[in-house]
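> when you get a sec, could you give me coordinates for this:
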Amino acid sequence: MTQTNQWNATHYDEKMNFVSHYGRGLIDWLQPVSGESILDIGCGTGDLTAQLAESGAHVEGTDFSPAMIEAARTKYPGLSFQIADAHTFRSSKQYDAVFSNAALHWMKRPESVVESVWLALKPGGRFVAEFGGKDNCKQVTDALHTALGARGISSDDRFPWYFPSIGEYTTLLERQGFRVVLSSHFDRPTLMPDGDRGLRHWLDSFCSPFFTGLTAAEIDEVCTEISELLRPVLYQNGQWYVDYKRIRVIAHKPSNMEAHV
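Numbering: from 1, shown residues only. Now for the predicted structure:
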């Protein structure tokens, strides 16, 4: 689901399955139709790809992570999955829709991704996506900055995400030629599984770029310090909530008729 291929697909399915759970609402924005073709960019282990396919649509999933694609193929052997980099993805076919959940914020050359989406769509096709927006997980990343900074490490140099404002992202889409028909930037405090272990699961799943070069003991120390910093603000009634802020967008590629009006 990301632009790093260092993923533990089993851990992701067991501890981070809220990603697919929240993504189900995005399918309502897409409204897949039986018989149409859909490309799922950043499909992870394929749960939402499979749900899209239940509509009768012909769905193909792509992800940069070989581990994620291997897991998706094992879980859903009747569906099509391929390893692909969305920055450079090209296909001999075009799709009625491109869908992406919780993946685009890992792709730090967004202009290239938007171009890939544009080329993948048929004229008149639609692009429906959700991903991290401006200030997504900011309290957590501020705590990372503090804990790593105390050890002489710049978290800015290791920051793995692209979290745009809604204006920045819709401008990219419009510059490519898309017509943005709906967009939203909203708060979504997100419950982590396993009680007091929840934040550590999140850090283990998503923050490995910050921990490059650290020993296991040093990572434990940093994560413990982050937990202490965040406990007063993100720990409630025995559960961790991460301060997610998401962007959802629907954009249409003009039809040939619209393009020539």
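> Phe159 reaches Thr141, doesn't it?
Yes - shown here, Phe159 and Thr141 form a contact pair, counting by C-beta atoms under 8 Å, at 7.4 Å. Backbone N, C-alpha and C define where each C-beta goes, glycine included.
> neighbour count for those two, which is higher?
Thr141 (20 against 15; other C-beta atoms under 10 Å).
> ok, the more buried one - contacts?
Ser155, Phe159 (C-beta atoms under 8 Å, 6 or more residues apart in numbering).
> relative to Leu234, how far out is it?
Look at Thr141 and Leu234: by C-beta to C-beta, to the nearest Å, they are 12 Å apart.
> just Ile166 next, same as before
The gap separating Ile166 from Leu234 is 24 Å, by C-beta to C-beta.
> quick one: Ser227 is in a helix?
Yes - assessed by DSSP: H, G, I helix; E, B strand; the rest coil, Ser227 belongs to a helix.
> what's the burial count for it?
Ser227 has 20 neighbouring residues, counting by other C-beta under 10 Å.
> isn't it right next to His201, touching?
No - Ser227 is beyond contact range of His201, at 11.6 Å (criterion: C-beta under 8 Å).
> shared neighbours, those two?
With C-beta under 8 Å, 6+ apart as the test, Ser227 and His201 reach no residue in common.
> and what about the closest residue to Ala53 other than its chain neighbours, helix, strand or coil?
Residue nearest to Ala53 in three dimensions, not counting chain neighbours: Val59, with 4.6 Å by C-beta to C-beta, 6 or more residues apart in numbering. Following three-state DSSP, the label given to Val59 is strand.
> now swap in the one 3 residues further on and tell me
Judged by three-state DSSP, the three-state class of Thr62 is strand.
> list the contacts of Cys137.
Val242, Asp243, Tyr244, Lys245.
> which of the residues you listed sits closest to Asp47?
Distance to Asp47, by C-beta to C-beta, is smallest for Tyr244 among those, at 18.5 Å.
> with just CA atoms, put the helix or strand harbouring the closest one into CSV.
Tyr244 is part of strand 239-252 when elements are defined by DSSP states H and E. Output of strand 239-252 as CSV, limited to C-alpha atoms (Å, rounded to 0.1, in the frame of the first residue of the first chain):
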residue,chain,number,x,y,z
GLN,A,239,-7.2,2.9,24.0
TRP,A,240,-4.9,4.8,21.7
TYR,A,241,-6.4,7.1,19.0
VAL,A,242,-4.1,8.4,16.3
ASP,A,243,-4.9,11.9,15.0
TYR,A,244,-5.7,11.2,11.4
LYS,A,245,-6.7,13.9,9.0
ARG,A,246,-7.8,12.6,5.6
ILE,A,247,-8.4,13.9,2.1
ARG,A,248,-11.1,12.4,-0.1
VAL,A,249,-11.5,13.4,-3.7
ILE,A,250,-13.6,12.5,-6.8
ALA,A,251,-12.2,13.8,-10.1
HIS,A,252,-13.3,13.1,-13.6
